[in-house]
Structure formats: structure tokens, C-alpha cells
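**Student:** predicted model follows, preceded by the sequence.
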Amino acid sequence: MRFYPSRAGRARGTEMATAKMDLLERIVKAYPNLSPKKRRVADLIMQDYKKAFFMTAREMAQECDVSEPTIVRFACDLGYSGYTDLIDYMKSVIHSELTSVERLKGTKHRFEEGSTLEKYCRNAIRNLESLMNGASIQAMKETSRILYKASAVYVAGYRASATLAHHFGYLLKKIRENVVLDTSLGWDLVDSLNTAPKGSVLFAIAFPRYPRRTIEVIEYAKKCKVRVIGFTDNILSPVARASDQYLTVDIAGVSFIDPFAHLVVFLGALVHEICSCDDEKAIKSLSNFDSGVKKMNEFYVEEEAHKNLEYRQKGEVITSLWPQRKTKAGAR
């Protein structure tokens, strides 16, 4: 997991055309000096980099009829620290390109014992451990202060990321005012950004495959002088490149279904960190929220349910509890 609390947003297409082109250019540049065995590895990646991405070092070595050390040395020749570093970079290259079918096919061959549920649970645990061990507390604190001080916060997330945006926006509304949530691809957010007060922040959430709409909203927000914080999976994500600042949390899955459990945990922790900026204000906001839902009788309360029950008896023995029945003119 990587966290970047304060990085200036980079213009799209200036620092790098695309991550894929950067990778291919590295291979082309190194190719003349590669040994025949390393060239077989280069040819495999050039011909089908998506297939290569799903391979382990051993599988790639077998496919190219070379040794595993050759695979590692090839990665180093391209400027990476090793095979793992190369695969991490390739992940950022193809995350925006893989279809659901390709993800399913690519992960289906990987051997892991246990039921489907056990595989998903173990994957979620690995992601949570990676989050816990790699999180930057300083980055989270800085982001929480920005969101706390913002005059208004706009939360946007579409398609699969809409679930994350809705969760974060709902919690944020409990502890502060002026929160606008958009998960529907509507025009309300655009209109709101156009009249956003000074000091507003857009918190844009997008994970592979990145919805084009998210990038468009980010670019429009910057035209409206709204500060943008992106929440995405890696530094090469188009969301990270377009945002003024960004937080990245890697997602490693076992299928075409995005593993969001650790992302929900992170967003919950971020909201709690915002509360810590001013505990008294957070408590006041939560009290107002609780007062409002109580007036609306919005949530089920066990004590209230008991008031609408009546006893049924047989002689002196209570046989059951039944909901009270409304009768005409108050008769029972």
C-alpha cells in the first residue's frame, strides 16, 4: 500500500504518455544488449503482456525455456529491482485494460486450496495486513485535516466504486455539514462544483477499471478551482495523475470481483481521524444526527416494539405475545 498525502497533480500525457508505452520503450531500449534467453522473455511480454502479467517467475521461465534467475536478471536490465517490481509495474499498466472475462480467466488457473469462501477470506486478510503494515499515519492525518477544514466536501464514485463513495459520504455527513455525494452520473454534482465555495474539496474514488466519468469530474472540479483528492489503487492510475493530491491503496483479488473489504476499513478509519480533529464538534454533529433520526423514527428500537405487544393468556398462564390489532373506534 502506498499513501501520497501531498503531491501536485500532474498533467495527463505530459510526464508520461502511458505506463504501457513506458514499459515497452524500456524493453525496446534494452533489447539490443539482451542475451538470446532474455530476448525470449522480452518477446513474450511484447507479444502478450497481459498473459505475462498473470504468470509467476517459474511459469514465465518454463514458457520461455529459461531459468528463473534469467527472469529476475531481465527485470533488472529494464531498471526494476526484481521480478516482483516488474509485475507491480505491469499491474498498473493493465489494470485499466483487463476485462472481467480476462480477470476471471487469468486468476482461475492459480492453485489455492480451500473453498471459494476460504480463498476470498484469505485474500481479504492479506489485503488488510498489507494495509495495516504499509499505511502512512501522517498521510491519513493530513488528509483528515484537509477534509475537516474544507468549506464543502464533494464525494464522487461511479460503477463499482459507487459503493465506496456512498459508504464514505454517508459517514462523512454524520460528522460535518456541506457534504455532497454523487454516485449516479448525474449533473447535480457538476452544477454544485460550478458554484462551490472557496476552500471546497472533491474526494474522488476510482479503482480499476477507472470510469471515464470520474476523470471528467476531476478535470471539471479543477477548472472550478476545487481542490481534488483522489483515492485509487496506484500512482500510475489516471485518477492519481489528474488529482492535486492522492491516496493509493493496492487491491489484490482472486477473481474479477474487486476486493473492497480493506478499502471500507480504510475509509472508516479516515472518517474517525476526521472526528479526532475536533472531538466536541464531532459529538455535536452526531448528536444532531441521532436527534433527527429519532424524530423520524427511522431505526428499529427494541423497546418501542414491546409497546405494541399484548399478552395472550390461558387462565393464569401467558401463552404468547401478539402485536396489538387496531380496531374501529378504539374498541378491542
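**Tutor:** Cool, the structure landed. Numbers count the residues shown, from 1 in each chain.
**Student:** give me the mean pLDDT for stretch 149-162.
**Tutor:** Stretch 149-162 carries an average pLDDT of 96.
**Student:** is it fair to say Ser276 lies in a helix?
**Tutor:** Yes - the assignment for Ser276 (DSSP: H, G, I helix; E, B strand; the rest coil) places it in a helix.
**Student:** correct me, but it touches Met140?
**Tutor:** No - using CB atoms under 8 Å, Ser276 is not in contact with Met140, being 10.3 Å away. For the C-beta atoms, the positions are set from N, CA and C on the backbone; glycine is no exception.
**Student:** in terms of neighbours, single out the busier of these two.
**Tutor:** Using other CB atoms under 10 Å as the criterion, Ser276 and Met140 rank with Met140 on top: 19 against 12.
**Student:** report pLDDT for the closest residue to that one other than its chain neighbours.
**Tutor:** Leaving aside its chain neighbours, Met140 sits nearest to Glu273 (5.4 Å; criterion: CB to CB, 6 or more residues apart in numbering). Per-residue pLDDT puts Glu273 at 96.
**Student:** list the contacts of Glu273.
**Tutor:** Going by CB atoms under 8 Å, 6 or more residues apart in numbering, Glu273 touches Met140, Lys141, Thr143, Ser144.
**Student:** got CSV for these, with secondary structure, pLDDT and distance to Val201 too?
**Tutor:** Formatted as CSV, the contacts of Glu273 follow (DSSP: H, G, I helix; E, B strand; the rest coil; pLDDT from 0 to 100; distance: CB to CB, whole Å):
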residue, secondary structure, pLDDT, distance to Val201
Met140, helix, 91, 15
Lys141, helix, 93, 16
Thr143, helix, 95, 10
Ser144, helix, 96, 12
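**Student:** please identify which two of those residues are farthest apart in space.
**Tutor:** Lys141 and Thr143 (7.4 Å; CB to CB).
**Student:** between those two, point out the one with more neighbours.
**Tutor:** Taking other CB under 10 Å, Lys141 and Thr143 do not tie; Thr143 has more neighbours (25 against 16).
**Student:** surely the more buried one meets Arg227?
**Tutor:** No - counting by CB under 8 Å, Arg227 is not a contact partner of Thr143; they are 11.4 Å apart.
**Student:** now for those two: what residues contact both?
**Tutor:** With CB under 8 Å, 6+ apart, Thr143 and Arg227 have common neighbours Gln245.
**Student:** specify the local secondary structure of the residue lying closest to Val155 once chain neighbours are set aside.
**Tutor:** Spatial nearest neighbour of Val155, chain neighbours left out: Gly169 (4.0 Å); criterion: CB to CB, 6+ apart. Following three-state DSSP, the label given to Gly169 is helix.
**Student:** do you know how far Gly169 is from Arg126?
**Tutor:** 28 Å (CB to CB, to the nearest Å).
**Student:** what about those two, which has more around it?
**Tutor:** Per other CB under 10 Å, whichever of Gly169 and Arg126 has more neighbours is Gly169, with 22 against 14.
**Student:** per-residue pLDDT of the more buried one, please?
**Tutor:** 97.
**Student:** so where's the stretch 101-250 of the chain shaky on pLDDT?
**Tutor:** Across the stretch 101-250 of the chain, residues meeting the criterion (pLDDT under 70) sit at 101-112.
**Student:** checking my notes, Gly230 in a strand, right?
**Tutor:** Yes - remark: Gly230 belongs to a strand, assigned using three-state DSSP.
**Student:** from what I can see it touches Ser243, true?
**Tutor:** Yes - the pair Gly230 / Ser243 is scored as a contact, 3.3 Å apart, by CB under 8 Å.
**Student:** what sits in contact with each of the two?
**Tutor:** With CB under 8 Å, 6+ apart as the test, Gly230 and Ser243 both reach Ala204, Ile218.
**Student:** now Arg39. Its backbone dihedrals?
**Tutor:** When read as degrees, to the nearest 10, the backbone of Arg39 gives phi -70, psi -30.
**Student:** give the contact list for it.
**Tutor:** Per CB under 8 Å, 6+ apart, neighbours of Arg39: Tyr31.
**Student:** which stretches of the stretch 1-150 of the chain form helices?
**Tutor:** For the stretch 1-150 of the chain, the helices defined by DSSP state H, counting those that start in this stretch cover 19-30, 36-47, 49-53, 57-64, 68-77, 83-94, 100-108, 116-134, 137-149.
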